[in-house]
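>>> coords please:
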Amino acid sequence: MKSVAHLQSEIAAKGFSYAKGASQMDLVEALEGLGTPIYVEEVRHTPGTTSLVKSRSAIAWHTDHHRARRILWYGLGQTSVGGETLVVDGWDVLARLSPSQVAALYRVNLFEHSVFRGDPPRHPLLRNGPNGRPCLYFSLWLADGAMNEEERDAFDAFAAAIDRVEHRQFRIVPGDILAIDNTRMLHARTEIAGTGVRHLRRYWLSA
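So this is what the prediction gives:
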């Protein structure tokens, strides 16, 4: 298992860190070092669910709630086929766009799920973080018709550019940890099939 310092340095450098063979004590230490848990969810298939995350369906590229500075998944079970977690660097995606397209994305606001008290109904797709680097909030299904033509073209260009950027694929099995910078990295999921239960515990972490 990687040290917490190693996890932190990898997230700072690459936007993500992956570690195998983590015990419950390793998990506790990783959480203490990476942030404060603000929301914990058991991610596993629930028959008859209306929740996409607890279905067997593939999930397209997105970030999670904007209050989650980092996300950590801890593996508890995995299906025999599918259920891989994909990550891509949003900064690399932005680098594929023109300066005018990036400027337009700063004007785009997307719907936000109401999870915490005081959540705004909308949140900017791009904003500047404390270090001056862009912070991303993105999901195809949270867009609406409020964008003008320039903003819609930039939004579509960003979505298309994701497929032209290298992505990483992880099959999170029991004892594995995947942690990402939720303001930088987009993530997705392949369809869950086969036998066995895919079960991840997901932590949203504040800074």
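>>> use CA for all of it now, contacts and neighbours both
Noted.
>>> List of residues touching the longest helix belonging to the chain?
Among the elements of the chain assigned as helix by DSSP state H, the one spanning the most residues is helix 149-161. Identification of contacts with helix 149-161 by Cα atoms under 8 Å, 6 or more residues apart in numbering yields 93-94, 96-97, 101-102, 104-105, 107-108, 140.
>>> For these, which single residue is the most surrounded?
Using other Cα atoms under 10 Å as the contact criterion, the top neighbour count among the contacts of helix 149-161 goes to Leu105, which has 24 neighbours.
>>> just checking, Cys135 is part of a strand?
Yes. The assignment for Cys135 (DSSP: H, G, I helix; E, B strand; the rest coil) places it in a strand.
>>> Surely it is in contact with Asp181?
No. Checked against Cα atoms under 8 Å, the pair Cys135 and Asp181 is beyond contact range at 9.7 Å.
>>> where exactly do the helices run in the protein?
Listed from the start of the chain, the chain has helices (DSSP H) covering 4-14, 24-34, 90-94, 99-105, 149-161.
>>> Tell me the spacing between the residue lying farthest from the centre of the chain and Leu105.
Distance from the centre of the chain peaks at Glu149, with 27.2 Å (Cα atoms, centre = their mean). Applying Cα to Cα, to the nearest Å, one obtains 12 Å for the distance of Glu149 from Leu105.
>>> and the protein, what are its domains?
Per the record, the chain has its domains at 4-86+169-182+189-206, 90-163, by automatic domain parsing.
>>> Mind putting those domains into JSON lines with mean pLDDT?
Formatted as JSON lines, those follow (pLDDT from 0 to 100):
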{"stretch": "domain 4-86+169-182+189-206", "mean pLDDT": "95"}
{"stretch": "domain 90-163", "mean pLDDT": "94"}
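>>> Contact partners for Ile71?
Under the criterion of Cα under 8 Å, 6+ apart, the neighbours of Ile71 are 179-182, 202-205.
>>> And Ser100, how close does it get to Ala160?
Computed with Cα to Cα, the distance linking Ser100 and Ala160 is 16 Å.
>>> quick revisit: list the buried residues of the longest helix of the chain.
In terms of neighbour count (16 or more other Cα atoms under 10 Å), helix 149-161 has its buried residues at 151-152, 154-155, 157-159, 161.
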